[in-house]
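# Could you look at this predicted model? Sequence included:
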Amino acid sequence: MFRRVLPRLCYNRGLISLLRSSIAVSGSSQKVSYNPLSPLKVPLRRQSNEANPQQNPKTVNITFVDRDGEEHTVLGRVGDTLLEVAKKYDIDLEGACEGTLACSTCHLIVNQEWFDKIPDPITDEEQDMLDLAYGLTDTSRLGCQILVSPEINNIKLKVPEGTSDARNL
């Protein structure tokens, strides 16, 4: 019995000392002390820009024009792909391969004024997939290959009337 209890005591003692030590809260210089007899109190997240995403410098406005011609202006988080933004806001953009550059179902048509402003250059692999896309234009891009960045704030994109999945050809 002593052999079973000793490891448990050592484990519990280590856990208690870990819980009693101060831990740093992510993204903050404040320290939080844990007392096992009182509930854990963690400082609230900063609310400066998060309370109003319109003012958050880490988001940009993106306008999708759906197949019916209706415009949807949404906020895209910097670092996400246009496909991820479209999925988040239920824009009808399929993305069958989930952004792995294996289909062309996230095909978007970029307004001419924005096409050259996109910081992510078109690659040969993307061009190969676009060659199989339905309704290809000179300003076509795949939504999974364009990262949201401050340079594309207020970009306008059209979702083509149809899709063709390059994986089925």
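Yep, that arrived.

# low pLDDT regions in this protein?
Within the chain, the ranges that satisfy pLDDT under 70 run 1-57, 163-169.

# ranges for the helices of it?
2-20, 82-88, 112-115, 124-130 (DSSP state H).

# And Pro150, how far from Gly79?
Using CB to CB, to the nearest Å, Pro150 is found at 11 Å from Gly79. Every residue, glycine included, has its C-beta placed from N, CA and C.

# Revised request: answer the last question for Ser149.
When distance is defined by CB to CB, Ser149 is 8 Å away from Gly79.

# ok, those two, which is more surrounded?
Counting neighbours by other CB atoms under 10 Å for Ser149 and for Gly79 shows that Ser149 has the greater number, 16 against 10.

# Surely that one touches Lys58?
No: using CB atoms under 8 Å, Ser149 is not in contact with Lys58, being 10.4 Å away.

# shared neighbours of those two, which are they?
Val78 (CB atoms under 8 Å, 6 or more residues apart in numbering).

# how much space between Ile146 and Glu125?
Counting by CB to CB - Ile146 and Glu125 are separated by 14 Å.

# So for those two, which residue has more residues nearby?
Ile146 (24 against 12).

# contacting residues for the more buried one?
81-82, 108, 118, 120, 152.

# contacting residues around stretch 78-88?
58-60, 62, 64, 74, 76-77, 91, 93, 95, 99, 106, 108, 142-150, 157.

# how about a cut-off of 7 Å?
58-60, 62, 64, 74, 76, 93, 95, 99, 106, 108, 143-144, 146-150, 157 (CB atoms under 7 Å, 6 or more residues apart in numbering).

# Looking at these, which are in strands?
Among the contacts of stretch 78-88, DSSP state E puts 59-60, 62, 64, 74, 76, 108, 157 in strands.

# Name the member of those residues with the shortest distance to Leu130.
Leu130 lies nearest to Leu108 out of the ones in strands among the contacts of stretch 78-88, by CB to CB, at 10.3 Å.

# Gln127: neighbour count?
By the measure other CB under 10 Å, the count of residues near Gln127 is 12.
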